[in-house]
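*Asks:* no sequence on this one, just coordinates:
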């Protein structure tokens, strides 16, 4: 019999609803696994167990009265450290924020509670959420349950490790450069990066900031594609101000079966080398899709220059996060930028230009971004979805050197670590939805995933295709030792 802790949240909600398991009983089951496995993984870094148990008891009593709070009634879950959860610290991995206790829940956390979720803790992140692995000087490093010598990814790495190990029923993360999709792929999970702006981010910030961050979205990580739909339905929709005049109505999926889809499959981005095992898994998937009646275009993508898209994304990404610099840091970065050799277009040079970008130059890059958006729009007139790698390799070994000094091996050749953000950056730059589904294990037995990119507001189409892959190709498989 499958351990309940490894079931999808939709299944857990059904068990609770049908009184097959009590809400408190289910919470305690997860907490027992947390006690057993979390010390080695270091995925969950803050808890409020007394409050969670009170909430679970209330959920049980509500069911006794015939009340149902919502689709997540009684489902235990955690959220990424970057969301405010009343009574728990919101640190973003920044040492000076160690004692930053949230006074109120973030808006998406309120929506989760309103849907019946029992939130019992928070999961680890890298400092400033700015890495594709998860470690910081407050809580240390989170380890991948598939191989503790490797990272679970980032910045929602604690989220992914906790889910894969069966320490939580569902997770909510955030993504500006692959931060829900990269960890999902490295831990064998499902995830969804929503269309820009459909899920309000109020309460996902430090310093009381209210303004949405360019290209940043919040989204679900889960053990099934159905859970992605469920959590998206809970957190999506305008905030209090926008709700006065806006309503969200996402288009329904294109069709029911695989054979109704037209997909392009980008086996390799010519500007970002990917590992041979990753390409092989994608080729195997392509053969399966063709046998299943899917119209597959190999190597097809929108008609823009890939290198140019990555360059625009790299600079705008760093511009979006430049507000966290102190005056002293900004001055030092301006000096470093001014020392760059003419024509230097390396990752560090792009970073320095981004964090010191004049607004006039930002406007020019934003125009380039919107021209790329229209190329995507034209592409989706011919294809329903673009399938592409989400990471250049399977999970990396722990390496805590600064990201711009870091390299990763790809088939024995050292490549810039910051290449990891290029493939997920396609969707972030153009505001597009992108789901991730697991597609197999590489030669070392590590999970790999594929990203499913759709047109703006085509979120349900992306998730539905992930659900079809789950049903007909591969679903979540727990890492050895956590079954």
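*Replies:* Great, that's in hand. Predicted, not measured: the structure shown is a model, and the values here were computed from it. Residues are numbered from 1 along each chain as shown.
*Asks:* Which residue ranges of the stretch 51-200 of the chain form helices?
*Replies:* Counting by DSSP state H, counting those that start in this stretch, one finds helices in the stretch 51-200 of the chain at the ranges 107-114, 157-164, 181-187.
*Asks:* could these go into a markdown table alongside distance to residue 365?
*Replies:* For glycine as for every other residue, the C-beta is placed from the backbone atoms N, C-alpha and C. Below are those laid out as a markdown table (distance: least, CB to CB, whole Å):
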| stretch | distance to residue 365 |
| --- | --- |
| helix 107-114 | 29 |
| helix 157-164 | 29 |
| helix 181-187 | 23 |
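*Asks:* Identify whichever of those lies nearest to residue 323.
*Replies:* Counting by CB to CB, residue 323 lies closest to helix 107-114 out of the helices of the stretch 51-200 of the chain; the figure is 20.6 Å.
*Asks:* For the closest one, buried residues please.
*Replies:* Neighbour counts using 16 or more other CB atoms under 10 Å place 107-113 of helix 107-114 among the buried residues.
*Asks:* between the helices of the stretch 51-200 of the chain, which one is nearest to residue 120?
*Replies:* It is, among the helices of the stretch 51-200 of the chain and with distance given as CB to CB, helix 157-164, at 10.9 Å.
*Asks:* Report the mean per-residue pLDDT for that closest one.
*Replies:* Mean pLDDT, computed over helix 157-164, is 98.
*Asks:* Stretch 46-62 too?
*Replies:* 98.
*Asks:* those helices in the stretch 251-400 of the chain, which residues are they?
*Replies:* Going by DSSP H, counting those that start in this stretch, the stretch 251-400 of the chain shows helices at 276-291, 306-320, 327-338, 347-355, 359-379.
*Asks:* Columns mean pLDDT, distance to residue 76 and mean neighbour count on top of these, output as TSV?
*Replies:* Conversion of these to TSV gives the following (pLDDT from 0 to 100; distance: least, CB to CB, whole Å; neighbours: other CB atoms under 10 Å):
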stretch	mean pLDDT	distance to residue 76	mean neighbour count
helix 276-291	97	32	17
helix 306-320	97	33	21
helix 327-338	97	40	12
helix 347-355	96	39	21
helix 359-379	98	38	15
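*Asks:* Could you count how many residues lie near residue 303?
*Replies:* 9 (other CB atoms under 10 Å).
*Asks:* likewise residue 445?
*Replies:* 11.
*Asks:* what does the one 10 residues further on give?
*Replies:* Neighbourhood size, residue 455 [other CB under 10 Å]: 22.
*Asks:* ok, now residue 196?
*Replies:* For residue 196, using other CB under 10 Å, the count is 20.
*Asks:* distance of it from residue 388?
*Replies:* Residue 196 is 18 Å from residue 388, where distance means CB to CB, to the nearest Å.
*Asks:* likewise residue 55?
*Replies:* In terms of CB to CB, residue 55 sits 40 Å off from residue 388.
*Asks:* just residue 57 next, same as before
*Replies:* To residue 388, residue 57 is 46 Å away according to CB to CB.
*Asks:* tell me the contacts of the closest residue to residue 318 other than its chain neighbours?
*Replies:* Leaving aside its sequence neighbours, residue 318 sits nearest to residue 354 (CB to CB, 6 or more residues apart in numbering; 2.6 Å). Contact analysis of residue 354 by CB atoms under 8 Å, 6 or more residues apart in numbering lists 314-319, 322.
*Asks:* so how far is residue 386 from residue 371?
*Replies:* From residue 371 to residue 386 the distance is 18 Å (CB to CB).
*Asks:* how about the strands in the stretch 1-150 of the chain?
*Replies:* Using DSSP state E, counting those that start in this stretch, the strands of the stretch 1-150 of the chain run over 44-47, 76-80, 118-123, 135-136, 140-141.
*Asks:* domains for this structure, by residue range?
*Replies:* 4-257+463-472, 306-370 (automatic domain parsing).
*Asks:* Quick one: end-to-end distance for the last one.
*Replies:* Here the two ends of domain 306-370 are set 15 Å apart, with distance taken as CA to CA, to the nearest Å.
*Asks:* just the first one next, same as before
*Replies:* Start and end residues of domain 4-257+463-472 are separated by 23 Å (CA to CA).
*Asks:* could we number from 33 for the rest of this?
*Replies:* Got it, first residue is 33 now, which makes that one domain 36-289+495-504.
*Asks:* got the helices of the stretch 283-432 of the chain as CSV, with distance to residue 119 columns?
*Replies:* Compiled in CSV, the helices of the stretch 283-432 of the chain are given as follows (distance: least, CB to CB, whole Å):
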stretch, distance to residue 119
helix 308-323, 42
helix 338-352, 30
helix 359-370, 32
helix 379-387, 34
helix 391-411, 38
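*Asks:* and residue 166, what is it in contact with?
*Replies:* Taking CB under 8 Å, 6+ apart, we find residue 166 in contact with 156-158, 173-174, 183-190, 193, 215.
*Asks:* Distance of the residue nearest to residue 350 relative to residue 394?
*Replies:* Separation of residue 386 from residue 394 (CB to CB): 9 Å.
*Asks:* circling back to that earlier point, and residue 461, which of the helices of the stretch 283-432 of the chain is closest to it?
*Replies:* Nearest to residue 461, of the helices of the stretch 283-432 of the chain and by CB to CB, is helix 338-352 at 4.2 Å.
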